[in-house]
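*Asks:* here is my input; please provide its structure:
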Amino acid sequence: EFTVNPDFGQAEVDNQVINLTRFSVFFPEKRDFFLENAGIFALGDSRANQILFTRRVGLTGSGEPVPIDYGAKVTGKIGPYNVGLLQIQTRELGQPALGLGIPRNHFTVLRVKRDILKRSSIGAMLVNRQGAQFAGGSPYNRAAGVDVELKPTDHYQLKAFLAGTATPGVRSSFGSGRVDSIFENELFRFIAVYENIGSNFNPEVGFVERAGIHQYFGQAAYKPRPTFIPHVQQMEFETQIEYFTDRAGNLATKQIELSWQTEFKNSSQFFFRPIEDVTDVLTEPFEIRPGIIIPHGTYHFNRPRISFSSNRSKPIVFNVREKWGDFYSGQRYETGGGLTWRPNPHLQVDLSESYNRVRLREGNFTTSLFSGRLNYNFSRKLLTSALVQLNSAARLSAINVRLRYIYRPNSDFFIIYNQTTGAG
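*Replies:* The predicted structure follows:
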């Protein structure tokens, strides 16, 4: 695949989120060039620790586009080897020599995976960014890793990876590793995870939710199919614990959960989590909203959750959820719901709302996030969609309208309208 001067205008816009945590939000890739055969380039934990996150290419940290001069991608299989190569050059913006703008960047990714045994693999990947992220920044950043996935039986798999980064001036604590042990059959599921992320592990073309930690995770689930209970397809009783420490072994975050889910024969679901017990240690003040700063300290709170989703085969499908309880120095009440209407094969309407009411010693606030989407297909070749999002926390509204005409396979014509208003 090869692309020259793309603007990716046809890519779907991001779904707005309201982030009330201390950590960065993971937004998935939406651009087709990067999505095609993206699986070959996966190394690490897909949403919390990976050395390649393609949204770092052609976008600034705030999500503003950086023009791409060209991009080339080769993926395929050579005997027992799966191989991938990605080469991209982004354009220089402004006057970096004067300390203003963004220098030209070259991105290179090399990936090799080899099939071993019957259903297992081992691989390695190198990611190189040549050029600074901003005027005066580090002239390069590199990351490399190896991974293995073993599936000795139909019900058990063992996954592991080890990675490191190279950044000018960094000489220690630049590595990361993770091991996942997963067993699941029709009745039980057991998961155990250990992860170690160095304080200076810095994949600038990747994504790391939180660095400088040890993570321990365990989950056990019992999934019976009680034939003696009318209308019930399956139940799931689950408990899990997630434990984070800093590099010195001091507690950073602990979360214990106990939940029960019931899936009915008509595909509706009921979920209840009476225990979501959290201990969070803030080593520095946390500004959760402008002017509302939670002091450093150790906080302990429990936030139960209940939700229900209706029969997905009906023309009208709805879901509701409620989460409540203590939250740092006060309380937080979260209400959400959604509605999908499919009156015929051509039209689908989706509406959703998420509302937070937070009461803290340091201040009170509310947030609201509304999303409305309409899809109408005139035919298999002519498709339209419209998305409206209202985000009170970011004080913005966003409208995205797309018309897509497929005049032959893999050849599409788009008309796009985007509008964003507000503070952002």
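*Asks:* can you pull up the bridge partners for Ile316?
*Replies:* Trp341 (DSSP bridges).
*Asks:* contacts for stretch 335-342?
*Replies:* 315-323, 347-355 (Cβ atoms under 8 Å, 6 or more residues apart in numbering). Using the backbone N, CA and C atoms, a C-beta is placed for each residue, glycine as well.
*Asks:* so which bits of it are buried?
*Replies:* Gly336, Gly337, Gly338, Leu339, Thr340, Arg342 (16 or more other Cβ atoms under 10 Å).
*Asks:* go on, stretch 233-241?
*Replies:* Using 16+ other Cβ under 10 Å as the test for burial, stretch 233-241 gives Met235, Glu236, Glu238.
*Asks:* would you say Ser172 is within a strand?
*Replies:* No. Counting by DSSP: H, G, I helix; E, B strand; the rest coil, Ser172 falls outside a strand, being coil.
*Asks:* quick one, what contacts it?
*Replies:* With contact set as Cβ under 8 Å, 6+ apart, Ser172 has these partners: Gly198, Asn200.
*Asks:* per-residue pLDDT, it?
*Replies:* pLDDT, Ser172: 87.
*Asks:* contacts only, for Gly291.
*Replies:* Contacts for Gly291 (Cβ under 8 Å, 6+ apart) come out as Gly363.
*Asks:* quick one: it and Arg91, what's the gap?
*Replies:* 38 Å (Cβ to Cβ, to the nearest Å).
*Asks:* do the same with Leu383
*Replies:* As judged by Cβ to Cβ, Leu383 and Arg91 stand 31 Å apart.
*Asks:* higher neighbour count, these two?
*Replies:* Neighbours were counted for Leu383 and for Arg91 using other Cβ atoms under 10 Å; Leu383 has more, 18 against 15.
*Asks:* any idea how many residues pack against the spatially closest residue to that one that is not a sequence neighbour?
*Replies:* Once flanking residues are discounted, Leu383 sits nearest to Arg404: 4.6 Å by Cβ to Cβ, 6 or more residues apart in numbering. Neighbour count of Arg404, defined by other Cβ under 10 Å: 16.
*Asks:* is it true that Arg404 touches Asp412?
*Replies:* Yes. With contact defined as Cβ atoms under 8 Å, Arg404 reaches Asp412; the gap is 5.8 Å.
*Asks:* so what sits against both of these two?
*Replies:* By Cβ under 8 Å, 6+ apart, Arg404 and Asp412 have these common neighbours: Gln10.
*Asks:* returning to that earlier point: among the buried residues of stretch 233-241, which are in strands?
*Replies:* Met235, Glu236, Glu238 (DSSP state E).
*Asks:* and for the closest residue to the last one other than its chain neighbours, the neighbour number?
*Replies:* Looking back up the chat, that one is Glu238. For Glu238, ignoring the flanking residues on the chain, the nearest one in space by Cβ to Cβ, 6+ apart is Ala221 at 4.2 Å. For Ala221, the neighbour count with other Cβ under 10 Å is 17.
*Asks:* tell me the bridge partners for Ala221.
*Replies:* The partner residues for Ala221, given DSSP bridges, come to Arg189, Glu238.
*Asks:* filter the contacts of stretch 335-342 down to just the ones in strands.
*Replies:* In strands, judged by DSSP E, the following of these are found: 316-323, 347-355.
*Asks:* those, buried ones only, as a PyMOL selection?
*Replies:* Buried residues within the ones in strands among the contacts of stretch 335-342, by 16+ other Cβ under 10 Å, are selected in PyMOL with:
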select buried, resi 317+318+319+321+323+348+349+350+351+352+354+355
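*Asks:* hmm, back to that, surely the residue nearest to Glu238 touches Arg189?
*Replies:* Yes. Contact criterion Cβ under 8 Å: Ala221 and Arg189 qualify, at 4.1 Å.
*Asks:* what touches both of these two?
*Replies:* Counting by Cβ under 8 Å, 6+ apart, the common neighbours of Ala221 and Arg189 are Glu238.
*Asks:* can you classify the closest residue to Ser138 other than its chain neighbours by secondary structure?
*Replies:* The shortest distance from Ser138 to any non-neighbouring residue, by Cβ to Cβ, 6+ apart, is to Pro168 (5.0 Å). Here Pro168 is recorded as coil under three-state DSSP.
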